[in-house]
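**Student:** Sequence first, predicted model second:
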Amino acid sequence: MITERVDFLVIGSGVAGLRAAFEAAEAGSVYVITKDTLKESSTEYAQGGVAVALCDEDTIGIHFEDTIKAGDGLCKDEAVLTLVNEGPERIMELISWGAEFDKSDSKLIFTLEAAHSRRRILHAHGDSTGREIERVLIKKAMSMPQIKKYSFAYFLDLIVFDGRCCGAYMLRDGQITAVLAGAVILATGGAGQVYSRTTNPLVATGDGIAAAYRAGAAMSDMEFVQFHPTSLYASGAPQFLISEALRGEGAVIRNIHKERFMQLYHNDSELATRDVVARAIVSEMARTNSHYVYLDITHLDKDYIKQRFPRIYKTCLQYDIDITAELIPVSPSAHYMMGGVRTDIDGRTNIRGLYAAGEVACTGVHGANRLASNSLLEGLVFGARAGRTAVEERADIKDIGSKLLLSVTQGRIENPDEIRSTIRRVMWEKAGIIRSAESLDEALEVLKSLGSIADRTYLTRYENEIKNILQTAELIVKSAIERKDSIGAHYRSD
Ligand code: SIN
């Protein structure tokens, strides 16, 4: 097996990973490994924006309160305080590196999203905020020779020796390499691909969650999966996200009879928290025997819509929906993991030498339901903190030579497409927006019947992704079974 050595290994190249890498690069050599191109992460697809208390009418205290309220009593105060306090500095720093958020007369524009009591969402190019942030971070990473970037390097497993994480195995061009590192930062993002309906890109297969679990990391809050209320539901179209920012700008939701209904479910109507809106849509779809509802923004000025939401406008038009004149068919999709690898606010996991940040991590900042647009901020704030902790606590790179013992089964998964689809469908149907003891038990039974897949390591990315989807699904279902009451995004019909 090939062995390489580096001071810091960062796994994942989205907002949290790159922000962590910048800190680490101040202190030594860094590898950033990612299984696709550098920019292919959920960050790149984030539309609505980044929430930050920088607007004149806003305060850090109000951002704190809104986040806590959305989290339905399960947020960790310390994590939320860290997020809202350090958020403004991280955003100003990003602007100093060249990020261009939308402005009017040289003043930043803040929009509203659901459950925010102030206009505090910065956006870029209308609805391509994540893309702009990723552009700036990649540009900066490219200018730092101490950061070596490995794209198409699939992260297989962590190397843990004597209770310390001292590296990871990566699969590249069919070859496994053991990368030994003084500290490892996990920033692999989420796991939306566990579900058959998701807004997430194909790369979001829970690799970091599953690998950390295999290595003995403690997990938290895995039952809390956020379902975004509005993803495109059109024949032949992907479940493309239709940003919450549309509702912030006045879009309303209608059932298939074109009647508004959100006011019947919550006082805040379309601007209630995401979990409330997603469940209301599911109820209304059931009541009207439909697979979708409509989002309606046609009352706004045509040119304004095109200029404010250019990406959504163009994408919908590809599927022959002109959002300036027609209703957009939408339905909920899996969107964000509130749970993940448990960390403290400095990115430490329970395994020495292993740090985690961003969607793969669970600091407790989101509680049972994430406040819209808090996740890019989370990646910046906690990515930087995890990077700094890794610098402070890194160890000498171990020479564990013959102890590199990854067991690789060279066999294939039989019928991988079928198995992947079975897992994703059962998760959507039995462990989705509305669950019960019965449906969760049924899901667990199906997942367990596929359990042997998880005992092996494969020599292709696709097969390893299926294994990670399966293991992440099992963690979600087992946690959901344990939590008997309904709270936030975890809703039990029983
Ligand atoms: C959106 O634009 O609706 C998504 C933003 C987020 O998930 O925070």
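**Tutor:** Happy to help now that I have it.

**Student:** Alongside the ligand, which residues does the stretch 251-400 of the chain contribute?
**Tutor:** 336, 372-373, 375 (CB under 6 Å from any ligand atom). Any C-beta I mention is one placed from the backbone N, CA and C, and that applies to glycine too.

**Student:** now with 8 Å?
**Tutor:** By CB under 8 Å from any ligand atom, the residues of the stretch 251-400 of the chain that approach the ligand are 335-336, 370-376.

**Student:** how about those in JSON lines, adding secondary structure and neighbour count?
**Tutor:** Listed next are those as JSON lines, based on DSSP: H, G, I helix; E, B strand; the rest coil; neighbours: other CB atoms under 10 Å:
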{"residue": "335", "secondary structure": "strand", "neighbour count": "29"}
{"residue": "336", "secondary structure": "strand", "neighbour count": "27"}
{"residue": "370", "secondary structure": "coil", "neighbour count": "28"}
{"residue": "371", "secondary structure": "coil", "neighbour count": "28"}
{"residue": "372", "secondary structure": "coil", "neighbour count": "28"}
{"residue": "373", "secondary structure": "coil", "neighbour count": "28"}
{"residue": "374", "secondary structure": "coil", "neighbour count": "28"}
{"residue": "375", "secondary structure": "helix", "neighbour count": "28"}
{"residue": "376", "secondary structure": "helix", "neighbour count": "29"}
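
**Student:** Closest one of those residues to residue 7?
**Tutor:** Distance ranking of these against residue 7, using CB to CB, places residue 376 first at 27.1 Å.

**Student:** give me the beta-bridge partners of the closest residue to that closest one other than its chain neighbours?
**Tutor:** Sequence neighbours aside, residue 50 is the residue nearest to residue 376 in space, at 4.2 Å (criterion: CB to CB, 6 or more residues apart in numbering). Beta bridges link residue 50 to residue 122, judged by DSSP bridges.

**Student:** From the ligand, how far out is residue 50?
**Tutor:** 8 Å (CB to the nearest ligand atom, to the nearest Å).

**Student:** And residue 363, by the same measure?
**Tutor:** On the measure of CB to the nearest ligand atom, residue 363 and the ligand end up 16 Å apart.

**Student:** for the residue in the stretch 51-200 of the chain positioned nearest to the ligand, what are its contacts?
**Tutor:** Proximity of the stretch 51-200 of the chain to the ligand (CB to the nearest ligand atom) peaks at residue 113, 6.8 Å away. Residue 113 is in contact with 48-49, 51, 121, 244-245, 247-248, 271, 372-373, counting by CB atoms under 8 Å, 6 or more residues apart in numbering.

**Student:** Adding distance to residue 173 and pLDDT as columns, could you present those in CSV?
**Tutor:** Rendered in CSV, the data for those read as follows (distance: CB to CB, whole Å; pLDDT from 0 to 100):
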residue, distance to residue 173, pLDDT
48, 37, 90
49, 38, 94
51, 40, 98
121, 41, 97
244, 40, 93
245, 41, 93
247, 45, 96
248, 45, 93
271, 49, 95
372, 40, 94
373, 38, 97
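
**Student:** Narrow those residues to those that are buried.
**Tutor:** 48-49, 51, 121, 244-245, 247-248, 271, 372-373 (16 or more other CB atoms under 10 Å).

**Student:** you'd agree the residue nearest to residue 376 is up against residue 120?
**Tutor:** No: taking CB atoms under 8 Å as the definition, residue 50 is not a contact partner of residue 120, at 9.3 Å.

**Student:** what about those two, which has more around it?
**Tutor:** residue 50 (29 against 26; other CB atoms under 10 Å).

**Student:** which residues touch that one?
**Tutor:** Applying CB under 8 Å, 6+ apart, the residues near residue 50 are 91, 121-123, 129, 133, 373, 376-377.

**Student:** For the residue of the chain found nearest the ligand, what is the enclosing helix or strand?
**Tutor:** Closest to the ligand within the chain is residue 48: 2.5 Å, counting by CB to the nearest ligand atom. When elements are assigned from DSSP states H and E, residue 48 belongs to no helix and no strand.

**Student:** Residue 167 now?
**Tutor:** Assigned by DSSP H and E, residue 167 falls in strand 164-172.

**Student:** So which residues of the stretch 251-400 of the chain form strands?
**Tutor:** 252-254, 293-296, 328-337, 340-342, 354-356, 361-362 (DSSP state E, counting those that start in this stretch).

**Student:** Turn the ones you listed into a markdown table, including mean pLDDT.
**Tutor:** Output for the strands of the stretch 251-400 of the chain, formatted as a markdown table (pLDDT from 0 to 100):
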| stretch | mean pLDDT |
| --- | --- |
| strand 252-254 | 98 |
| strand 293-296 | 98 |
| strand 328-337 | 98 |
| strand 340-342 | 98 |
| strand 354-356 | 98 |
| strand 361-362 | 98 |
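
**Student:** Burial-wise, tell me which of the ones you listed comes out on top.
**Tutor:** With neighbours defined as mean count of other CB atoms under 10 Å, the strands of the stretch 251-400 of the chain peak in mean count at strand 354-356, which reaches a mean of 31.

**Student:** Who are the packing partners of it?
**Tutor:** Strand 354-356 sits against strand 175-186, helix 207-214, helix 375-393, with contacts defined as 3 or more CB pairs under 8 Å, 6 or more residues apart in numbering; DSSP states H and E.

**Student:** Make JSON lines from those and add mean pLDDT to it.
**Tutor:** Listed next are the helices and strands packed on strand 354-356 as JSON lines, based on pLDDT from 0 to 100:
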{"stretch": "strand 175-186", "mean pLDDT": "95"}
{"stretch": "helix 207-214", "mean pLDDT": "98"}
{"stretch": "helix 375-393", "mean pLDDT": "98"}
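
**Student:** do you know which of those lies nearest residue 142?
**Tutor:** Nearest of the helices and strands packed on strand 354-356 (CB to CB): helix 375-393, 17.5 Å.

**Student:** Before I go, just wanted to say thanks for your time.
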